[in-house]
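Enquirer: dropping a prediction and its sequence here:
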Amino acid sequence: MTTHPPFVSPIAWSDAVRQPAFWAELCQSLLPSYINTCRWFAGKARQQTGLHIRTAMPLSIDAESGKLAYLTILSVSYAEGAPENYLLPLSFVSDRATQGRPFSVADVPDKGRIGDVQLAGQAGLLIDAIYDDRFRRALFEAIYASQVIPMPEGQLRFQRGRGLEDGDANLPSRVLPVDSSNSAMTFGDKYFVKLYRKLFRETNPEVDMVAFLTDVSYFPNIPAFGGSFVWQRDGIADVTLGMVQRMVPNDKDSWGQTGDYLNDFLYAVPQRLFTIREDVFEKVELLGRRTGEMHNALYKTGADTDFAPEPFTDDYRTFIINRFESLLEQRYALLIDKYTELDPLAQRLAWVFMEAREMIDAFINDFRTRPLGSLRTRIHGDYHLGQVLATENDFVIIDFEGEPESSIADRKIKHSPLKDVAGMIRSYHYAVCAKLFNSAETEDLDPAYLQRVSDRWFYLIRDTYLDAYFDTFGSPHPLFKNNNEINFLLLIYLLEKAVYELGYEISYRPSWVKIPLKGIIDVVMEIEKIRISDGTSQPTDIPMLQKGLLR
(Lines give C-alpha, C1' and ligand atoms only; values in the text may rest on other atoms or scores of the structure.)
Protein backbone atom coordinates (compact mmCIF):
# COMPACT_ATOMS: atom_id res chain seq x y z
CA MET A 1 0.00 0.00 0.00
CA THR A 2 1.16 3.58 -0.61
CA THR A 3 -0.03 6.94 0.64
CA HIS A 4 -0.73 10.20 -1.19
CA PRO A 5 0.68 12.72 -0.59
CA PRO A 6 3.96 11.14 0.57
CA PHE A 7 5.37 11.37 4.07
CA VAL A 8 7.84 14.28 3.98
CA SER A 9 10.65 14.93 6.46
CA PRO A 10 13.83 17.06 6.34
CA ILE A 11 15.64 14.25 8.18
CA ALA A 12 17.72 11.83 6.12
CA TRP A 13 17.04 8.12 6.64
CA SER A 14 20.60 7.52 7.84
CA ASP A 15 20.24 10.27 10.48
CA ALA A 16 16.88 9.13 11.87
CA VAL A 17 18.23 6.84 14.59
CA ARG A 18 18.41 9.59 17.23
CA GLN A 19 15.45 11.67 16.05
CA PRO A 20 12.43 10.86 18.29
CA ALA A 21 10.26 13.41 16.46
CA PHE A 22 10.83 11.56 13.18
CA TRP A 23 9.58 8.28 14.58
CA ALA A 24 6.70 9.94 16.40
CA GLU A 25 5.50 11.54 13.18
CA LEU A 26 5.81 8.22 11.36
CA CYS A 27 3.66 6.61 14.04
CA GLN A 28 1.01 9.27 13.53
CA SER A 29 0.91 9.05 9.75
CA LEU A 30 1.92 5.86 7.93
CA LEU A 31 2.25 3.09 10.49
CA PRO A 32 -1.25 2.80 12.05
CA SER A 33 -3.01 2.06 8.78
CA TYR A 34 -0.21 -0.24 7.65
CA ILE A 35 0.04 -2.53 10.67
CA ASN A 36 -3.73 -3.03 10.65
CA THR A 37 -3.38 -4.72 7.26
CA CYS A 38 -0.71 -7.14 8.50
CA ARG A 39 -1.55 -10.74 9.32
CA TRP A 40 1.03 -10.77 12.12
CA PHE A 41 -0.56 -7.86 13.98
CA ALA A 42 -2.90 -9.38 16.60
CA GLY A 43 -4.51 -6.15 17.81
CA LYS A 44 -6.74 -5.37 14.83
CA ALA A 45 -9.96 -6.17 16.71
CA ARG A 46 -9.03 -4.10 19.78
CA GLN A 47 -9.49 -0.37 20.32
CA GLN A 48 -6.04 1.11 19.78
CA THR A 49 -5.15 4.28 21.68
CA GLY A 50 -1.53 4.88 20.74
CA LEU A 51 1.45 3.80 18.73
CA HIS A 52 5.09 4.62 19.30
CA ILE A 53 8.52 3.34 18.34
CA ARG A 54 10.06 1.89 21.51
CA THR A 55 13.52 1.84 19.91
CA ALA A 56 15.03 1.92 16.42
CA MET A 57 18.15 -0.24 16.01
CA PRO A 58 20.21 0.51 12.88
CA LEU A 59 21.64 -2.37 10.86
CA SER A 60 24.14 -1.70 8.08
CA ILE A 61 22.91 -3.22 4.83
CA ASP A 62 25.52 -1.72 2.49
CA ALA A 63 28.91 -0.87 4.02
CA GLU A 64 30.19 1.00 0.98
CA SER A 65 27.26 3.42 0.71
CA GLY A 66 26.41 3.54 4.40
CA LYS A 67 22.84 2.37 3.80
CA LEU A 68 20.85 1.33 6.86
CA ALA A 69 17.76 -0.61 7.76
CA TYR A 70 16.16 -0.27 11.18
CA LEU A 71 14.88 -2.98 13.46
CA THR A 72 12.13 -1.07 15.24
CA ILE A 73 10.22 -2.20 18.29
CA LEU A 74 6.69 -0.91 17.87
CA SER A 75 4.60 -0.50 21.04
CA VAL A 76 0.81 -0.51 20.64
CA SER A 77 -1.47 0.69 23.45
CA TYR A 78 -5.13 -0.23 23.85
CA ALA A 79 -8.19 1.11 25.66
CA GLU A 80 -8.20 -2.09 27.71
CA GLY A 81 -5.39 -4.46 28.56
CA ALA A 82 -1.62 -4.21 28.49
CA PRO A 83 0.34 -2.75 25.54
CA GLU A 84 1.88 -5.12 23.01
CA ASN A 85 5.29 -4.92 21.34
CA TYR A 86 5.96 -5.88 17.72
CA LEU A 87 9.08 -6.17 15.60
CA LEU A 88 8.87 -4.07 12.42
CA PRO A 89 12.08 -3.90 10.34
CA LEU A 90 12.08 -0.86 8.06
CA SER A 91 14.00 -0.05 4.88
CA PHE A 92 13.97 3.03 2.64
CA VAL A 93 14.37 2.20 -1.07
CA SER A 94 14.20 3.95 -4.40
CA ASP A 95 14.78 2.83 -7.96
CA ARG A 96 18.13 4.61 -7.86
CA ALA A 97 19.09 2.82 -4.66
CA THR A 98 18.27 -0.60 -6.13
CA GLN A 99 20.17 -0.25 -9.40
CA GLY A 100 22.40 -3.26 -9.83
CA ARG A 101 20.56 -5.17 -7.11
CA PRO A 102 18.59 -8.40 -7.70
CA PHE A 103 15.39 -6.57 -6.72
CA SER A 104 13.74 -3.25 -7.53
CA VAL A 105 10.98 -1.18 -5.99
CA ALA A 106 8.55 -2.80 -8.41
CA ASP A 107 9.34 -6.21 -6.88
CA VAL A 108 8.06 -5.23 -3.44
CA PRO A 109 4.57 -6.73 -2.95
CA ASP A 110 1.71 -4.56 -1.73
CA LYS A 111 1.77 -6.12 1.72
CA GLY A 112 5.37 -4.96 2.13
CA ARG A 113 4.77 -1.35 1.01
CA ILE A 114 4.29 1.02 3.94
CA GLY A 115 4.12 4.28 2.02
CA ASP A 116 5.75 6.83 -0.27
CA VAL A 117 8.24 9.04 1.53
CA GLN A 118 10.51 11.99 0.80
CA LEU A 119 13.43 12.22 3.21
CA ALA A 120 15.91 15.11 3.06
CA GLY A 121 14.75 15.73 -0.49
CA GLN A 122 15.14 12.13 -1.66
CA ALA A 123 11.97 10.35 -2.83
CA GLY A 124 11.46 6.67 -2.26
CA LEU A 125 9.35 3.98 -0.67
CA LEU A 126 9.27 2.90 2.98
CA ILE A 127 8.95 -0.89 3.12
CA ASP A 128 9.00 -3.79 5.54
CA ALA A 129 12.72 -4.59 5.36
CA ILE A 130 12.21 -8.33 4.91
CA TYR A 131 11.44 -7.47 1.26
CA ASP A 132 14.87 -5.82 0.85
CA ASP A 133 17.45 -8.44 -0.12
CA ARG A 134 20.21 -6.26 1.39
CA PHE A 135 18.54 -6.51 4.80
CA ARG A 136 18.06 -10.27 4.52
CA ARG A 137 21.71 -10.73 3.56
CA ALA A 138 22.96 -8.50 6.42
CA LEU A 139 20.80 -10.37 8.93
CA PHE A 140 22.02 -13.78 7.84
CA GLU A 141 25.67 -12.71 7.72
CA ALA A 142 25.42 -11.33 11.26
CA ILE A 143 24.10 -14.69 12.50
CA TYR A 144 26.75 -16.60 10.54
CA ALA A 145 29.50 -14.51 12.15
CA SER A 146 27.92 -14.45 15.66
CA GLN A 147 28.17 -10.66 15.69
CA VAL A 148 27.42 -8.43 18.66
CA ILE A 149 26.34 -4.96 17.50
CA PRO A 150 26.06 -2.06 19.99
CA MET A 151 22.79 -0.15 19.79
CA PRO A 152 21.54 3.17 21.21
CA GLU A 153 19.89 1.04 23.89
CA GLY A 154 21.64 -2.24 24.65
CA GLN A 155 22.94 -4.44 21.87
CA LEU A 156 21.92 -6.95 19.23
CA ARG A 157 23.51 -10.34 19.86
CA PHE A 158 23.58 -12.83 16.99
CA GLN A 159 24.33 -16.49 17.80
CA ARG A 160 25.32 -19.17 15.32
CA GLY A 161 24.18 -22.73 16.00
CA ARG A 162 25.50 -26.16 14.99
CA GLY A 163 23.01 -26.43 12.16
CA LEU A 164 24.58 -23.58 10.15
CA GLU A 165 27.35 -24.99 7.98
CA ASP A 166 30.64 -23.41 6.95
CA GLY A 167 30.65 -21.79 3.53
CA ASP A 168 26.98 -20.77 3.66
CA ALA A 169 27.38 -17.07 4.51
CA ASN A 170 26.24 -15.75 1.11
CA LEU A 171 23.16 -17.65 -0.01
CA PRO A 172 20.36 -16.24 -2.18
CA SER A 173 17.22 -15.48 -0.18
CA ARG A 174 13.51 -14.97 -0.59
CA VAL A 175 10.45 -14.23 1.54
CA LEU A 176 7.96 -17.06 1.81
CA PRO A 177 4.53 -15.88 0.61
CA VAL A 178 2.76 -17.27 3.67
CA ASP A 179 0.73 -15.00 5.94
CA SER A 180 1.05 -16.00 9.57
CA SER A 181 1.75 -14.61 13.03
CA ASN A 182 5.48 -14.54 12.18
CA SER A 183 7.47 -13.90 8.99
CA ALA A 184 9.54 -16.49 7.15
CA MET A 185 12.55 -16.17 4.86
CA THR A 186 14.60 -18.89 3.19
CA PHE A 187 18.29 -18.88 2.31
CA GLY A 188 19.51 -21.12 -0.48
CA ASP A 189 16.43 -23.27 0.10
CA LYS A 190 18.58 -24.78 2.85
CA TYR A 191 17.81 -22.57 5.86
CA PHE A 192 14.59 -21.17 7.23
CA VAL A 193 14.64 -17.87 9.15
CA LYS A 194 11.66 -17.08 11.34
CA LEU A 195 11.24 -13.45 12.34
CA TYR A 196 9.16 -13.19 15.49
CA ARG A 197 6.70 -10.33 15.16
CA LYS A 198 4.92 -10.20 18.51
CA LEU A 199 7.59 -9.81 21.17
CA PHE A 200 7.73 -10.76 24.82
CA ARG A 201 9.88 -9.65 27.74
CA GLU A 202 11.96 -12.81 27.73
CA THR A 203 13.49 -15.33 25.38
CA ASN A 204 11.18 -17.28 23.11
CA PRO A 205 10.73 -20.88 24.35
CA GLU A 206 11.06 -22.24 20.82
CA VAL A 207 14.61 -20.91 20.48
CA ASP A 208 15.55 -22.29 23.90
CA MET A 209 14.16 -25.72 23.03
CA VAL A 210 15.55 -26.04 19.51
CA ALA A 211 19.01 -24.81 20.58
CA PHE A 212 19.05 -27.29 23.50
CA LEU A 213 17.93 -30.25 21.39
CA THR A 214 20.44 -29.43 18.62
CA ASP A 215 23.50 -28.15 20.48
CA VAL A 216 23.25 -30.05 23.79
CA SER A 217 21.29 -33.26 23.18
CA TYR A 218 22.01 -33.75 19.43
CA PHE A 219 18.42 -34.85 18.77
CA PRO A 220 18.26 -35.34 14.97
CA ASN A 221 14.50 -35.33 14.35
CA ILE A 222 13.93 -31.59 14.44
CA PRO A 223 14.98 -28.89 11.94
CA ALA A 224 18.49 -28.26 13.32
CA PHE A 225 19.19 -24.99 15.12
CA GLY A 226 21.16 -22.64 12.86
CA GLY A 227 21.18 -19.59 15.11
CA SER A 228 19.16 -16.78 16.63
CA PHE A 229 19.35 -13.10 17.46
CA VAL A 230 18.18 -11.22 20.53
CA TRP A 231 17.96 -7.69 21.88
CA GLN A 232 19.98 -7.48 25.08
CA ARG A 233 19.93 -4.80 27.80
CA ASP A 234 21.55 -4.71 31.23
CA GLY A 235 19.32 -6.07 33.98
CA ILE A 236 16.48 -6.98 31.59
CA ALA A 237 15.67 -10.38 30.10
CA ASP A 238 16.75 -10.87 26.48
CA VAL A 239 14.05 -10.37 23.85
CA THR A 240 14.14 -12.96 21.05
CA LEU A 241 13.78 -11.44 17.57
CA GLY A 242 14.42 -14.37 15.23
CA MET A 243 15.75 -17.88 14.69
CA VAL A 244 17.43 -19.90 11.92
CA GLN A 245 16.69 -23.60 11.32
CA ARG A 246 17.56 -26.10 8.62
CA MET A 247 14.83 -26.65 6.07
CA VAL A 248 13.29 -30.12 5.96
CA PRO A 249 11.96 -31.65 2.72
CA ASN A 250 8.56 -33.13 3.53
CA ASP A 251 5.37 -34.24 1.86
CA LYS A 252 2.90 -33.05 4.52
CA ASP A 253 2.36 -32.97 8.25
CA SER A 254 1.27 -36.10 10.12
CA TRP A 255 -2.32 -34.86 10.39
CA GLY A 256 -2.54 -34.94 6.58
CA GLN A 257 -0.74 -38.28 6.41
CA THR A 258 -3.06 -39.80 9.00
CA GLY A 259 -6.04 -38.48 7.07
CA ASP A 260 -4.77 -40.26 3.96
CA TYR A 261 -4.41 -43.53 5.85
CA LEU A 262 -7.90 -43.10 7.25
CA ASN A 263 -9.40 -42.93 3.77
CA ASP A 264 -9.07 -46.71 3.32
CA PHE A 265 -10.72 -47.21 6.69
CA LEU A 266 -13.47 -44.70 5.86
CA TYR A 267 -14.42 -46.34 2.56
CA ALA A 268 -14.77 -49.74 4.24
CA VAL A 269 -17.01 -48.58 7.10
CA PRO A 270 -20.30 -48.42 5.09
CA GLN A 271 -19.65 -52.04 4.01
CA ARG A 272 -19.26 -53.05 7.67
CA LEU A 273 -15.59 -53.86 7.09
CA PHE A 274 -12.81 -52.95 9.50
CA THR A 275 -9.49 -52.36 7.71
CA ILE A 276 -6.21 -50.89 8.88
CA ARG A 277 -3.17 -51.29 6.69
CA GLU A 278 -0.05 -52.65 8.36
CA ASP A 279 2.01 -49.62 7.33
CA VAL A 280 -0.35 -47.45 9.41
CA PHE A 281 0.76 -49.32 12.53
CA GLU A 282 4.39 -49.01 11.42
CA LYS A 283 4.06 -45.22 11.10
CA VAL A 284 2.34 -44.92 14.49
CA GLU A 285 5.04 -47.05 16.12
CA LEU A 286 7.73 -44.87 14.54
CA LEU A 287 6.11 -41.70 15.85
CA GLY A 288 5.86 -43.26 19.31
CA ARG A 289 9.59 -44.04 19.20
CA ARG A 290 10.50 -40.53 17.99
CA THR A 291 8.40 -39.01 20.78
CA GLY A 292 10.20 -41.13 23.36
CA GLU A 293 13.57 -40.16 21.89
CA MET A 294 12.63 -36.46 22.05
CA HIS A 295 11.69 -36.75 25.72
CA ASN A 296 14.89 -38.65 26.47
CA ALA A 297 16.82 -35.83 24.80
CA LEU A 298 15.06 -33.31 27.04
CA TYR A 299 15.93 -35.31 30.19
CA LYS A 300 19.36 -34.11 31.29
CA THR A 301 20.20 -34.45 34.97
CA GLY A 302 23.25 -32.18 34.60
CA ALA A 303 21.51 -29.50 32.58
CA ASP A 304 21.26 -25.89 33.71
CA THR A 305 18.26 -24.70 35.72
CA ASP A 306 16.10 -24.04 32.65
CA PHE A 307 16.20 -27.73 31.65
CA ALA A 308 17.04 -29.67 34.82
CA PRO A 309 14.32 -32.12 35.99
CA GLU A 310 12.15 -30.99 38.90
CA PRO A 311 9.70 -32.73 41.28
CA PHE A 312 5.94 -32.23 41.42
CA THR A 313 5.95 -29.24 43.79
CA ASP A 314 2.93 -27.77 45.56
CA ASP A 315 3.26 -24.66 43.39
CA TYR A 316 3.08 -26.74 40.22
CA ARG A 317 0.07 -28.69 41.43
CA THR A 318 -1.69 -25.45 42.37
CA PHE A 319 -0.95 -24.04 38.89
CA ILE A 320 -2.44 -27.08 37.14
CA ILE A 321 -5.45 -27.29 39.47
CA ASN A 322 -6.29 -23.59 39.17
CA ARG A 323 -6.11 -23.82 35.38
CA PHE A 324 -8.14 -27.02 35.37
CA GLU A 325 -10.88 -25.69 37.66
CA SER A 326 -11.15 -22.48 35.64
CA LEU A 327 -11.50 -24.47 32.42
CA LEU A 328 -14.16 -26.70 33.96
CA GLU A 329 -16.26 -23.77 35.17
CA GLN A 330 -16.12 -22.14 31.75
CA ARG A 331 -16.95 -25.36 29.88
CA TYR A 332 -19.87 -26.31 32.14
CA ALA A 333 -21.35 -22.84 31.68
CA LEU A 334 -20.92 -23.06 27.89
CA LEU A 335 -22.52 -26.51 27.75
CA ILE A 336 -25.54 -25.37 29.73
CA ASP A 337 -25.91 -22.32 27.49
CA LYS A 338 -25.50 -24.24 24.21
CA TYR A 339 -27.04 -27.60 25.19
CA THR A 340 -30.18 -27.33 23.02
CA GLU A 341 -28.03 -26.58 19.95
CA LEU A 342 -26.09 -29.86 20.20
CA ASP A 343 -26.95 -33.01 18.25
CA PRO A 344 -28.46 -35.95 20.20
CA LEU A 345 -25.19 -37.87 20.62
CA ALA A 346 -23.38 -34.76 21.88
CA GLN A 347 -26.28 -34.05 24.27
CA ARG A 348 -26.01 -37.52 25.83
CA LEU A 349 -22.25 -37.17 26.23
CA ALA A 350 -22.65 -33.67 27.70
CA TRP A 351 -25.19 -34.93 30.23
CA VAL A 352 -22.88 -37.72 31.42
CA PHE A 353 -20.02 -35.20 31.68
CA MET A 354 -22.11 -32.85 33.82
CA GLU A 355 -23.35 -35.71 36.01
CA ALA A 356 -19.72 -36.75 36.59
CA ARG A 357 -18.77 -33.40 38.13
CA GLU A 358 -18.30 -34.78 41.65
CA MET A 359 -16.11 -37.61 40.42
CA ILE A 360 -13.94 -35.19 38.44
CA ASP A 361 -13.65 -32.84 41.43
CA ALA A 362 -12.54 -35.75 43.64
CA PHE A 363 -9.97 -36.77 41.01
CA ILE A 364 -8.54 -33.25 40.92
CA ASN A 365 -8.41 -33.19 44.71
CA ASP A 366 -6.53 -36.49 44.63
CA PHE A 367 -3.92 -34.80 42.39
CA ARG A 368 -3.62 -32.06 45.01
CA THR A 369 -2.65 -34.46 47.83
CA ARG A 370 -1.37 -37.71 46.29
CA PRO A 371 2.36 -38.37 46.90
CA LEU A 372 4.14 -38.28 43.53
CA GLY A 373 7.68 -39.47 42.99
CA SER A 374 7.77 -38.73 39.25
CA LEU A 375 9.65 -35.73 37.82
CA ARG A 376 8.95 -32.90 35.38
CA THR A 377 11.04 -31.53 32.48
CA ARG A 378 10.68 -29.09 29.61
CA ILE A 379 8.40 -30.57 26.94
CA HIS A 380 7.13 -29.65 23.48
CA GLY A 381 3.98 -28.19 25.01
CA ASP A 382 1.68 -28.13 21.98
CA TYR A 383 2.22 -31.61 20.62
CA HIS A 384 -0.16 -32.98 18.00
CA LEU A 385 -0.13 -34.47 14.51
CA GLY A 386 0.07 -31.04 12.88
CA GLN A 387 3.42 -30.42 14.62
CA VAL A 388 5.11 -33.44 13.01
CA LEU A 389 6.34 -33.36 9.42
CA ALA A 390 6.27 -36.61 7.47
CA THR A 391 9.45 -37.09 5.43
CA GLU A 392 9.98 -39.97 3.03
CA ASN A 393 10.80 -42.52 5.75
CA ASP A 394 10.70 -40.65 9.04
CA PHE A 395 9.23 -37.80 11.10
CA VAL A 396 10.54 -34.35 11.99
CA ILE A 397 9.07 -32.52 14.98
CA ILE A 398 8.52 -28.77 14.64
CA ASP A 399 7.11 -25.67 16.36
CA PHE A 400 8.30 -25.65 19.95
CA GLU A 401 6.65 -22.32 20.88
CA GLY A 402 4.12 -23.99 23.21
CA GLU A 403 0.39 -23.37 23.63
CA PRO A 404 -0.52 -20.21 21.68
CA GLU A 405 -2.95 -18.96 24.36
CA SER A 406 -0.44 -19.31 27.21
CA SER A 407 1.98 -16.64 28.39
CA ILE A 408 5.67 -17.05 27.60
CA ALA A 409 6.38 -17.78 31.28
CA ASP A 410 3.69 -20.48 31.37
CA ARG A 411 5.06 -22.09 28.19
CA LYS A 412 8.39 -22.63 29.97
CA ILE A 413 6.86 -24.42 32.96
CA LYS A 414 8.10 -28.00 33.27
CA HIS A 415 5.54 -30.79 33.00
CA SER A 416 5.58 -34.53 32.87
CA PRO A 417 6.38 -35.71 29.32
CA LEU A 418 2.99 -37.42 29.54
CA LYS A 419 1.41 -34.05 28.78
CA ASP A 420 2.89 -34.28 25.26
CA VAL A 421 1.80 -37.91 25.02
CA ALA A 422 -1.75 -36.90 25.96
CA GLY A 423 -1.71 -34.22 23.26
CA MET A 424 -0.78 -36.75 20.57
CA ILE A 425 -3.37 -39.27 21.79
CA ARG A 426 -6.06 -36.59 21.61
CA SER A 427 -4.88 -35.69 18.11
CA TYR A 428 -5.32 -39.28 16.89
CA HIS A 429 -8.82 -39.28 18.41
CA TYR A 430 -9.64 -36.09 16.52
CA ALA A 431 -8.29 -37.53 13.27
CA VAL A 432 -10.57 -40.56 13.21
CA CYS A 433 -13.68 -38.80 14.54
CA ALA A 434 -13.34 -35.86 12.17
CA LYS A 435 -12.99 -38.24 9.25
CA LEU A 436 -15.90 -40.53 10.14
CA PHE A 437 -18.38 -37.93 11.36
CA ASN A 438 -17.77 -35.36 8.62
CA SER A 439 -17.58 -37.37 5.40
CA ALA A 440 -20.20 -37.87 2.70
CA GLU A 441 -19.52 -41.63 2.74
CA THR A 442 -20.85 -41.96 6.30
CA GLU A 443 -23.49 -39.24 6.55
CA ASP A 444 -26.38 -41.75 6.40
CA LEU A 445 -24.97 -44.10 9.03
CA ASP A 446 -26.13 -44.29 12.64
CA PRO A 447 -23.96 -41.95 14.79
CA ALA A 448 -23.83 -44.57 17.56
CA TYR A 449 -22.39 -47.08 15.06
CA LEU A 450 -19.83 -44.54 13.86
CA GLN A 451 -18.85 -43.88 17.47
CA ARG A 452 -18.21 -47.58 18.10
CA VAL A 453 -16.17 -47.97 14.91
CA SER A 454 -14.10 -44.86 15.52
CA ASP A 455 -13.44 -46.02 19.10
CA ARG A 456 -12.10 -49.36 17.85
CA TRP A 457 -9.69 -47.65 15.42
CA PHE A 458 -8.60 -45.11 18.03
CA TYR A 459 -7.94 -47.64 20.82
CA LEU A 460 -5.77 -49.77 18.51
CA ILE A 461 -3.77 -46.76 17.35
CA ARG A 462 -3.50 -45.32 20.88
CA ASP A 463 -2.16 -48.56 22.32
CA THR A 464 0.29 -48.97 19.42
CA TYR A 465 1.62 -45.45 19.98
CA LEU A 466 1.90 -45.87 23.76
CA ASP A 467 3.62 -49.26 23.55
CA ALA A 468 6.26 -47.88 21.17
CA TYR A 469 6.70 -44.76 23.30
CA PHE A 470 7.32 -46.59 26.57
CA ASP A 471 9.52 -49.21 24.88
CA THR A 472 11.73 -46.35 23.68
CA PHE A 473 11.55 -44.01 26.63
CA GLY A 474 12.14 -46.82 29.06
CA SER A 475 9.99 -48.14 31.87
CA PRO A 476 10.87 -47.78 34.64
CA HIS A 477 12.48 -44.38 33.99
CA PRO A 478 13.62 -41.74 36.51
CA LEU A 479 10.87 -39.41 35.27
CA PHE A 480 8.21 -41.99 36.12
CA LYS A 481 8.13 -43.54 39.59
CA ASN A 482 5.98 -46.52 38.59
CA ASN A 483 3.15 -47.62 36.32
CA ASN A 484 0.48 -46.44 38.75
CA GLU A 485 1.80 -42.89 38.55
CA ILE A 486 2.10 -43.13 34.77
CA ASN A 487 -1.58 -44.09 34.50
CA PHE A 488 -2.67 -41.42 36.98
CA LEU A 489 -0.70 -38.57 35.38
CA LEU A 490 -1.71 -39.56 31.86
CA LEU A 491 -5.37 -39.34 32.91
CA ILE A 492 -4.77 -35.89 34.44
CA TYR A 493 -3.29 -34.54 31.21
CA LEU A 494 -5.81 -36.30 28.94
CA LEU A 495 -8.69 -34.83 30.92
CA GLU A 496 -7.16 -31.36 30.94
CA LYS A 497 -6.55 -31.48 27.17
CA ALA A 498 -10.05 -32.68 26.31
CA VAL A 499 -11.68 -30.06 28.57
CA TYR A 500 -9.48 -27.40 26.93
CA GLU A 501 -10.58 -28.58 23.45
CA LEU A 502 -14.24 -28.50 24.43
CA GLY A 503 -14.31 -24.71 24.72
CA TYR A 504 -13.22 -24.14 21.13
CA GLU A 505 -15.64 -26.67 19.68
CA ILE A 506 -18.64 -25.30 21.56
CA SER A 507 -17.87 -21.78 20.39
CA TYR A 508 -16.81 -22.41 16.79
CA ARG A 509 -17.64 -25.98 15.65
CA PRO A 510 -20.72 -27.28 17.49
CA SER A 511 -20.88 -30.34 15.24
CA TRP A 512 -17.46 -31.41 16.60
CA VAL A 513 -18.37 -31.07 20.30
CA LYS A 514 -18.86 -34.83 20.57
CA ILE A 515 -15.13 -35.40 19.94
CA PRO A 516 -13.72 -33.79 23.11
CA LEU A 517 -16.78 -34.89 25.09
CA LYS A 518 -16.10 -38.52 24.17
CA GLY A 519 -12.48 -38.00 25.20
CA ILE A 520 -13.64 -36.68 28.58
CA ILE A 521 -16.02 -39.60 29.11
CA ASP A 522 -13.26 -42.10 28.28
CA VAL A 523 -11.07 -40.57 30.99
CA VAL A 524 -13.90 -40.48 33.52
CA MET A 525 -14.53 -44.18 32.89
CA GLU A 526 -10.88 -44.88 33.73
CA ILE A 527 -11.19 -42.73 36.87
CA GLU A 528 -14.15 -44.83 37.90
CA LYS A 529 -12.09 -47.99 37.48
CA ILE A 530 -9.51 -46.50 39.87
CA ARG A 531 -12.30 -45.80 42.38
CA ILE A 532 -13.57 -49.35 42.17
CA SER A 533 -10.11 -50.94 42.49
CA ASP A 534 -9.03 -48.58 45.29
CA GLY A 535 -12.30 -48.08 47.15
CA THR A 536 -10.71 -47.71 50.57
CA SER A 537 -9.08 -44.37 49.69
CA GLN A 538 -11.90 -42.92 47.61
CA PRO A 539 -15.02 -41.04 48.79
CA THR A 540 -17.98 -43.40 48.94
CA ASP A 541 -20.75 -40.81 48.52
CA ILE A 542 -19.89 -39.87 44.91
CA PRO A 543 -22.41 -41.19 42.35
CA MET A 544 -21.25 -43.74 39.81
CA LEU A 545 -20.95 -42.73 36.17
CA GLN A 546 -24.35 -42.61 34.42
CA LYS A 547 -23.38 -44.88 31.51
CA GLY A 548 -27.00 -45.71 30.76
CA LEU A 549 -27.43 -42.20 29.38
CA LEU A 550 -25.07 -43.08 26.52
CA ARG A 551 -27.38 -45.75 25.11
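Expert: Received it, and whenever you're ready, just let me know what you need. Numbering: from 1, shown residues only.

Enquirer: list the contacts of Met247.
Expert: Residues in contact with Met247 (CB atoms under 8 Å, 6 or more residues apart in numbering) are 186, 189-192, 223. Bear in mind the C-beta positions are built from the backbone N, C-alpha and C, glycine included.

Enquirer: measure it to Gly163 for me?
Expert: 10 Å (CB to CB, to the nearest Å).

Enquirer: who touches both of the two?
Expert: Pro223.

Enquirer: show me the helices in this structure, by range?
Expert: Secondary structure of the chain (DSSP state H): helices located at 20-29, 31-35, 133-144, 205-211, 254-268, 278-298, 314-338, 344-355, 357-369, 408-411, 418-437, 447-473, 483-508, 514-533.

Enquirer: want to throw those helices into JSON lines with distance to Lys111 and mean pLDDT?
Expert: Shown next, in JSON lines, are these (distance: least, CB to CB, whole Å; pLDDT from 0 to 100):
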{"stretch": "helix 20-29", "distance to Lys111": "18", "mean pLDDT": "95"}
{"stretch": "helix 31-35", "distance to Lys111": "9", "mean pLDDT": "94"}
{"stretch": "helix 133-144", "distance to Lys111": "16", "mean pLDDT": "96"}
{"stretch": "helix 205-211", "distance to Lys111": "24", "mean pLDDT": "94"}
{"stretch": "helix 254-268", "distance to Lys111": "27", "mean pLDDT": "89"}
{"stretch": "helix 278-298", "distance to Lys111": "36", "mean pLDDT": "96"}
{"stretch": "helix 314-338", "distance to Lys111": "36", "mean pLDDT": "94"}
{"stretch": "helix 344-355", "distance to Lys111": "40", "mean pLDDT": "91"}
{"stretch": "helix 357-369", "distance to Lys111": "47", "mean pLDDT": "92"}
{"stretch": "helix 408-411", "distance to Lys111": "27", "mean pLDDT": "91"}
{"stretch": "helix 418-437", "distance to Lys111": "32", "mean pLDDT": "95"}
{"stretch": "helix 447-473", "distance to Lys111": "41", "mean pLDDT": "94"}
{"stretch": "helix 483-508", "distance to Lys111": "27", "mean pLDDT": "94"}
{"stretch": "helix 514-533", "distance to Lys111": "36", "mean pLDDT": "89"}
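
Enquirer: turn these into TSV, columns for mean neighbour count.
Expert: Output for those, formatted as TSV (neighbours: other CB atoms under 10 Å):
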stretch	mean neighbour count
helix 20-29	16
helix 31-35	18
helix 133-144	22
helix 205-211	24
helix 254-268	18
helix 278-298	19
helix 314-338	14
helix 344-355	19
helix 357-369	16
helix 408-411	16
helix 418-437	23
helix 447-473	18
helix 483-508	19
helix 514-533	20
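
Enquirer: as TSV, these with distance to Asp399 would be great.
Expert: Shown next, in TSV, are the helices of the chain (distance: least, CB to CB, whole Å):
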stretch	distance to Asp399
helix 20-29	32
helix 31-35	24
helix 133-144	20
helix 205-211	7
helix 254-268	12
helix 278-298	13
helix 314-338	22
helix 344-355	30
helix 357-369	28
helix 408-411	12
helix 418-437	12
helix 447-473	20
helix 483-508	17
helix 514-533	22
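
Enquirer: of all the ones you listed, which one is nearest Ala82?
Expert: Proximity of the helices of the chain to Ala82 was assessed by CB to CB; the nearest stretch is helix 408-411, lying at 13.1 Å.
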